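**Student:** Build the 3D model from these lines:
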Amino acid sequence: MVEGVYHEKSNLDFSIFGWCIALSFAPSVLFSFIVSVILAINGLNIYETKDPQIEVMIALWTSILSPILFFPLLIYAAGCKSIYETLSYLKFNKVKSTYILYVIIFTALLEFSFDVFFSFNNIPIDGFSLEVREFINSYEKATLTAFAICIIAPIMEEFIFRGWLFKKLISTTLGSVGAVGIPSILFTLFHFQNQQILPLIVLLIYSLILGFIRLKTENINYSIVAHMTSNSYVLFAPIWFV
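**Tutor:** Have a look, this model is predicted:
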């Protein structure tokens, strides 16, 4: 049964946007503070040092620790009693290996096309991505980075935007258009780090594609795989165009 089709549509509850902000930022703010305090206790004054590599380390450990708070919040926001019930609610379903392969290939080609587009329009790589690449100078740091950026972050973000928020919106009068469009706009705004308009447009297109994948497959795992592939490409693929 297609999501939202055979259910009576409800009006939009604006409180879901507050929950979206809380799910997106509360865990990271809390654990960023905790990691910073731990570093300060060990004698590192992060406010005076301003070392980009330290900032990257804080961001990575914040991402790794965030699920500790994120999943209880998500379970509560979804109105579920357990993580298993929540996963079912989010359409965390079985996948077909062939479809997974298609998603990986499509996403890698999409990211490559973005590289070409950015090169032709002389758009530089954002500063944080460059700092992360510089941070990866050992197998240990590469493993830490991959776990945080290529696994943890995509899962949490997809659970928010193509999972919980998607489910909340598709049952409203906004339907599938709202369920794909609104999370895509919020995802873009929450991740926008460049003042140029073209990267913002590309990020929005990417977000819409993730939403479309979620809508058509009725399975959040495919958008998670696409997101993981995208982050992995940006992080580890060679810089084809400079």
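
**Student:** C-alpha from now on. contacts and neighbour counts both.
**Tutor:** Fine.

**Student:** what about the closest residue to residue 91 other than its chain neighbours, neighbour count?
**Tutor:** Leaving aside its chain neighbours, residue 91 sits nearest to residue 219 (5.2 Å; criterion: Cα to Cα, 6 or more residues apart in numbering). A count of nearby residues for residue 219, using other Cα atoms under 10 Å, gives 20.

**Student:** Could you report the separation of residue 219 from residue 55?
**Tutor:** Remark: distance between residue 219 and residue 55 (Cα to Cα, to the nearest Å) = 35 Å.

**Student:** what do you get for residue 93?
**Tutor:** In terms of Cα to Cα, residue 93 sits 36 Å off from residue 55.

**Student:** what about these two, which has more around it?
**Tutor:** Ranked by neighbour count (other Cα under 10 Å), residue 93 and residue 55 place residue 55 first, with 17 against 13.

**Student:** Just to be sure, that one is in a helix?
**Tutor:** Yes: under DSSP: H, G, I helix; E, B strand; the rest coil, residue 55 falls within a helix.

**Student:** Show me which helix or strand of this protein is least confident by mean pLDDT.
**Tutor:** helix 46-49 (a mean of 60; mean pLDDT, DSSP states H and E).

**Student:** what sits up against stretch 162-177?
**Tutor:** Here stretch 162-177 makes contact (Cα atoms under 8 Å, 6 or more residues apart in numbering) with 3-4, 7-12, 16, 20, 74, 78, 90-91, 178-180, 183, 210-211, 214-215, 220, 223.

**Student:** Surely residue 35 touches residue 56?
**Tutor:** No: Residue 35 is not in contact with residue 56 according to Cα atoms under 8 Å; the separation is 11.8 Å.

**Student:** so who does the spatially most central residue of the chain touch?
**Tutor:** The centroid of the chain falls nearest to residue 157 when counting by Cα atoms, centre = their mean (3.4 Å). Contacts for residue 157 were tallied using Cα under 8 Å, 6+ apart; they are residue 24.

**Student:** repeat that for 7 Å
**Tutor:** With Cα atoms under 7 Å, 6 or more residues apart in numbering as the criterion, no residue contacts residue 157.

**Student:** helices and strands around the lengthiest helix in the chain, which ones?
**Tutor:** In the chain, assigned by DSSP state H, the helix with the most residues is helix 15-41. For helix 15-41, the packing partners by 3 or more Cα pairs under 7 Å, 6 or more residues apart in numbering; DSSP states H and E come out as helix 52-65, helix 67-78.

**Student:** do that again at 6 Å, thanks
**Tutor:** Using 3 or more Cα pairs under 6 Å, 6 or more residues apart in numbering; DSSP states H and E, the elements in contact with helix 15-41 are helix 52-65.

**Student:** Can you give the distance of the helix it packs on from its chain's centre?
**Tutor:** Distance, stretch centre to chain centre, for helix 52-65: 16 Å (Cα atoms, centre = their mean, to the nearest Å).

**Student:** which residues touch it?
**Tutor:** Residues outside helix 52-65 that contact it (Cα atoms under 6 Å, 6 or more residues apart in numbering): 28, 31, 32, 135, 148.

**Student:** Number of residues surrounding residue 31?
**Tutor:** Around residue 31 there are 22 residues (other Cα under 10 Å).

**Student:** Next, the contact list for it, please.
**Tutor:** Residue 31 neighbours (Cα under 6 Å, 6+ apart): residue 62.

**Student:** Let me know the helix or strand that residue 116 is in.
**Tutor:** helix 97-120 (DSSP states H and E).

**Student:** Residue 215 too?
**Tutor:** helix 197-217.
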